[in-house]
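Novice: Got a predicted model here, sequence first, then my questions.
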Amino acid sequence: QVQLVESGGGLVQPGGSLRLSCVASGFTFSGYAMNWYRQTPGKERELVALITTTGGITKYADSVKGRFAISRDNVKNTVYLQMNSLKPEDTAVYYCHFRNGPSDYWGQGTQVTVSS
């Protein structure tokens, strides 16, 4: 059974940092690119960052370039999102995701709130 379990969200002041984690199980983690998405009420989910199977390629939404960093540990079956210089507009539920053929797999999400 595929499982993606996110953690690390919370309330942080503008300019602060958080590190999100997503622990994967039930599939061969090292064989799949992994993604972080985020969603705010009334909006579609937005792709924030992606990382290829070995971590050799990473890509970011323009809104987070230079502030966020995605990484993975294929031994721990975990993908991370380091978020620095957080802004109020980064407030969202953050989801871990991967795709296997026609199927999309999502975690339950972790809330990130950036507010003073």
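Specialist: Received, thanks. Predicted, not measured: the structure shown is a model, and the values here were computed from it. Residues are numbered from 1 along each chain as shown.
Novice: Helices along this structure, start to end?
Specialist: Shown for the chain, no helices are assigned by DSSP state H.
Novice: Just give me the residue closest to the centre of it.
Specialist: Centroid-nearest residue in the chain, with CA atoms, centre = their mean: residue 36, separated by 2.9 Å.
Novice: What distance do you get for that one to residue 13?
Specialist: For residue 36, the distance to residue 13 equals 21 Å [CB to CB, to the nearest Å]. Heads up, the C-betas are built off the backbone N, CA and C, glycines and all.
Novice: Could you do residue 85 as well?
Specialist: Following CB to CB, the distance that separates residue 85 from residue 13 is 11 Å.
Novice: More neighbours: which of these two?
Specialist: Higher neighbour count among residue 85 and residue 13: residue 85, with 13 against 10, using other CB atoms under 10 Å.
Novice: Tell me if I'm right that that one and residue 65 touch.
Specialist: No. Look at residue 85 against residue 65 with CB atoms under 8 Å: they stay out of range, at 11.3 Å.
Novice: Going along the chain, name the strands of this protein.
Specialist: 3-7, 10-12, 18-25, 34-39, 46-51, 58-60, 68-73, 78-83, 92-100, 103-106, 110-114 (DSSP state E).
Novice: I appreciate the help and will end here.
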